[in-house]
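Novice: the following comprises the amino acid sequence and a computationally predicted model.
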Amino acid sequence: MEINSINAVVLAKMFLNGAKNLESKKEWINELNVFPVPDGDTGTNMTMTIMAAAKEVSALENPDMPSIAKAISSGSLRGARGNSGVILSQLFRGFTKVIGKESQVTVPILSAAIQKAVETAYKAVMKPKEGTILTVARGAADKAAELAEETDDLVYFLDEVIKEAELVLKKTPDMLPVLKQAGVVDSGGQGLVVVLQGAYDALLGREIDYKIEASTGSEVRKISKETEAEIKFGYCTEFIIVLNQALTDKEERKYKSFLESIGDSIVVVADDEIVKTHVHTNDPGLAIQEALTHGSLSRIKIDNMREEHQERLIKDAQKIAAQQARDEAPQPETDGPRKEIGFIAVSAGSGLGEVFKGLGADYMIEGGQTMNPSTEDILNAVGRVNADHVFVLPNNKNIILAANQAAALCEDKEIHVIPTKTIPQGITALINFIPEQTAEENASRMMEEIKNVKTGQVTYAVRDTVIDDKEIKQDDYMGIGDKTILSVGRELDQVTLEMAESMIDGESAIVSIYYGEEVSEEAAEAIAQQILEKHEDLEVEVQYGGQPIYYYLVSVE
């Protein structure tokens, strides 16, 4: 089969099929997140980003290249969530700059579009990190440029580009030690490969349904039994092979082929000593027997996905309902005289919301680690603040790029994104606002002050892994610092205290403890008292945060 050009109708089908493929695999991609926290959301963020664009493409009655390009670019830019979603939207933005000028897509045009996609995405990230979705995209672009000199066949071209993307993806653990230690490939890169695979299937005519509809909580509940029946392979099987000897390329290909014969959602990451394996299958025993021919096994984990399905549906419905509540909430009037400076903060938890409002936040965006707001959410919030300069406090490293993207899209106000990565940094930024000074002076001060804040967050692990030489078991409590995991254990109080102790040094003056919705005030006060007994010169504050998922947020200044 040879195809030399793609028209607008085919391109729309390819994009929609790529989106559908990503949506179908989002939970698997979520599981590839390095930190085993209960809110791994790369797959979710990428899916919501591409679906925002897919809905616009699906709504086109007579698509042509310019209208498809506009729908993809505009939809993904405004719907972008999380770092992975923003980078994906920037890839689409660059891609559509090229194809939007054409009536047909050929190999040279497609190659140029892929080059532009990568160039645009790299420019959008201040400090690009290799071993991520960007690296996978660049590998695909390099291969595309090479192939554009060799072939006019789009089928061969795309097949080879995807193979190269898969090869680069496989190498991401060697580029980022944290990936190798966790035994996973980059989740964002995997998401991009999934989109490309879906688009390629559509080019070959393998697609089934292009219709894109908005999901609702009621729809999730209605299809639950049907979807459960559609789970083809019921057991999520994971283990590590401690090799008797390093696998040859031929042996590795044979091992992967065997896994493909008994299941799907296969991830195999190998080095000279170990092989990390993930497969969905109906017979975990077969996978284990085959693996034992290569060495001994450790960290075996088998989960019945059909049993977990109902719980996941409920969580998805809750997220969707929360998003709908934000979208359908009455738009508050921006009464009163226009002021020079206003503030928007992102947080989850009624207590934290009250803290920010008490410090002068004009508008709160419900969200954070468990639900990253989109670029559109942030733009809508900016529209509700009656000020010439609007400061946005993302309070999460996975929201900063979306906030920056909103700032670039806003035309009638000056948006200042203070790159707060945690709630305590956001609180510190607001505390240091001086009304008598200019927006620029305040922005500069805030950025300096947030550097002095150390943050720790306590949650639980959703799977077994090893990070920074710390062995983590499912359901362990984890104290996560600004850069790494600080403490792990089976006792919540002990983990919290160990985390706080590792953050305190001779220059520390204030410790603030924000306790979550599942923690009592008495338990939080008891932890504060133990810190005071060991550090009498410190000031320790306890406040109700009400945040979900994270039992404690602790800041040290």
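Specialist: Here it is on my side, so go on. Given the structure is predicted, the values throughout are model-derived calculations rather than measurements.
Novice: can you give me the strands in the stretch 451-557 of the chain?
Specialist: Taking DSSP state E, counting those that start in this stretch as the test, the strands found in the stretch 451-557 of the chain are 454-460, 465-467, 470-472, 477-480, 485-489, 510-515, 539-544, 552-556.
Novice: of all the ones you listed, which lies closest to Phe239?
Specialist: The closest of these to Phe239 is strand 465-467. By C-beta to C-beta, the value is 12.8 Å. Glycine gets a C-beta too; all of them are placed from N, C-alpha and C.
Novice: buried stuff in that closest one?
Specialist: 465, 467 (16 or more other C-beta atoms under 10 Å).
Novice: give me the helices and strands touching it, please.
Specialist: helix 177-182 (3 or more C-beta pairs under 8 Å, 6 or more residues apart in numbering; DSSP states H and E).
Novice: I'd like the distance from the helix it packs on to the chain centre, please.
Specialist: When C-alpha coordinates are averaged (C-alpha atoms, centre = their mean, to the nearest Å), helix 177-182 and its chain have centres 17 Å apart.
Novice: pLDDT on the helix or strand that it is followed by, on average?
Specialist: As assigned by DSSP states H and E, the chain's next helix or strand after helix 177-182 is helix 187-203. Averaged across helix 187-203, the pLDDT comes to 95.
Novice: now swap in stretch 96-106 and tell me
Specialist: In this model, stretch 96-106 carries a mean pLDDT of 95.
Novice: stretch 521-539 too?
Specialist: Averaged across stretch 521-539, pLDDT comes to 94.
Novice: CA atoms only for that stretch, dumped as PDB, please.
Specialist: The C-alpha coordinates for stretch 521-539 follow below in PDB (Å, rounded to 0.1, in the frame of the first residue of the first chain):
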ATOM      1  CA  GLU A 521      -6.500  19.000  64.200                       C
ATOM      2  CA  GLU A 522      -5.400  17.100  67.200                       C
ATOM      3  CA  ALA A 523      -3.000  14.900  65.100                       C
ATOM      4  CA  ALA A 524      -1.500  18.000  63.400                       C
ATOM      5  CA  GLU A 525      -1.000  19.700  66.800                       C
ATOM      6  CA  ALA A 526       0.700  16.700  68.200                       C
ATOM      7  CA  ILE A 527       3.200  16.700  65.300                       C
ATOM      8  CA  ALA A 528       3.800  20.400  65.800                       C
ATOM      9  CA  GLN A 529       4.500  19.800  69.500                       C
ATOM     10  CA  GLN A 530       7.100  17.100  68.700                       C
ATOM     11  CA  ILE A 531       8.800  19.500  66.400                       C
ATOM     12  CA  LEU A 532       8.800  22.200  69.100                       C
ATOM     13  CA  GLU A 533      10.200  19.800  71.700                       C
ATOM     14  CA  LYS A 534      13.300  19.200  69.500                       C
ATOM     15  CA  HIS A 535      13.600  22.800  68.100                       C
ATOM     16  CA  GLU A 536      12.600  25.200  70.900                       C
ATOM     17  CA  ASP A 537      13.800  28.200  68.900                       C
ATOM     18  CA  LEU A 538      11.400  27.600  66.000                       C
ATOM     19  CA  GLU A 539       8.000  29.100  65.500                       C
END
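Novice: what comes up buried for it?
Specialist: Neighbour-count burial for stretch 521-539, counted by 16+ other C-beta under 10 Å, picks out 523-524, 527-528, 530-531.
Novice: one more: stretch 146-161?
Specialist: For stretch 146-161, by 16+ other C-beta under 10 Å, it's 147-148, 153-154, 156-158, 160-161.
Novice: nearest to Ala112 among those residues?
Specialist: Among the buried residues of stretch 146-161, Ala148 lies closest to Ala112 (C-beta to C-beta), at 8.0 Å.
Novice: residues touching the closest one, list them.
Specialist: 107-108, 111-112, 157 (C-beta atoms under 8 Å, 6 or more residues apart in numbering).
Novice: what about it, distance to Ile510?
Specialist: In this view, Ala148 and Ile510 are 59 Å apart by C-beta to C-beta, to the nearest Å.
Novice: cool, and Asn7?
Specialist: For Asn7 relative to Ile510 (C-beta to C-beta), the value is 63 Å.
Novice: check Trp28 too.
Specialist: Separation of Trp28 from Ile510 (C-beta to C-beta): 43 Å.
Novice: so the two - more neighbours on which side?
Specialist: Neighbour comparison, Trp28 and Ile510: the larger count goes to Trp28, with 20 against 12 (by other C-beta atoms under 10 Å).
Novice: pLDDT score for the more buried one?
Specialist: As predicted, Trp28 sits at a pLDDT of 87.
Novice: who's in contact with it?
Specialist: Residues near Trp28 by C-beta under 8 Å, 6+ apart: 43, 265, 280.
Novice: next up, phi/psi of the last one, please.
Specialist: The phi and psi values for His280, taken as degrees, to the nearest 10, are phi -100, psi 120.
Novice: surely it and Glu260 touch.
Specialist: No. In this structure His280 lies outside contact range of Glu260 using C-beta atoms under 8 Å: 11.2 Å.
Novice: overlap in contacts, those two.
Specialist: Residues touching both His280 and Glu260 by C-beta under 8 Å, 6+ apart: Ile266.
Novice: so which of these two has more stuff around it?
Specialist: Taking neighbours as other C-beta under 10 Å, His280 and Glu260 compare with His280 leading, 21 against 11.
Novice: any idea how far that one lies from His294?
Specialist: Using C-beta to C-beta, one obtains 20 Å as the distance from His280 to His294.
Novice: restricted to helices, list the buried residues of stretch 146-161.
Specialist: The helices, defined by DSSP state H, take in 147, 154, 156-158, 160-161 from the buried residues of stretch 146-161.
Novice: tabulate these in a markdown table, adding columns for pLDDT and distance to Gly191.
Specialist: Converted to a markdown table, these look like this (pLDDT from 0 to 100; distance: C-beta to C-beta, whole Å):
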| residue | pLDDT | distance to Gly191 |
| --- | --- | --- |
| Leu147 | 96 | 23 |
| Leu154 | 96 | 23 |
| Tyr156 | 96 | 24 |
| Phe157 | 97 | 22 |
| Leu158 | 97 | 17 |
| Glu160 | 97 | 20 |
| Val161 | 96 | 16 |
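Novice: if we can go back for a sec, which among the contacts of Ala148 end up buried?
Specialist: Of the contacts of Ala148, these count as buried by 16+ other C-beta under 10 Å: 107, 111-112, 157.
Novice: so which of those sit within strands?
Specialist: The strands, defined by DSSP state E, take in nothing from those.
Novice: and those, which two are furthest apart?
Specialist: Based on C-beta to C-beta, the longest span within those runs between Ala112 and Phe157 and measures 12.5 Å.
Novice: quick one on the thing from earlier: could I get the contacts of Trp28 as a markdown table with distance to Arg445 and pLDDT?
Specialist: Converted to a markdown table, the contacts of Trp28 look like this (distance: C-beta to C-beta, whole Å; pLDDT from 0 to 100):
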| residue | distance to Arg445 | pLDDT |
| --- | --- | --- |
| Gly43 | 38 | 89 |
| Ser265 | 49 | 72 |
| His280 | 51 | 86 |
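Novice: thinking again about what came up before, Gly205: which of the contacts of Ala148 is nearest?
Specialist: So of the contacts of Ala148, ranked by how close each gets to Gly205 (C-beta to C-beta), first place is Phe157, at 16.8 Å.
Novice: for stretch 22-34, list every residue counted as buried.
Specialist: By neighbour count on 16+ other C-beta under 10 Å, the buried set for stretch 22-34 is 22-23, 25-34.
Novice: quick one: which of the residues you listed sit in strands?
Specialist: The members of those all map outside strands under DSSP E.
Novice: ok, which pair from those is furthest apart?
Specialist: Spatially, the most separated pair among those is Glu23 and Val34, at 22.5 Å (C-beta to C-beta).
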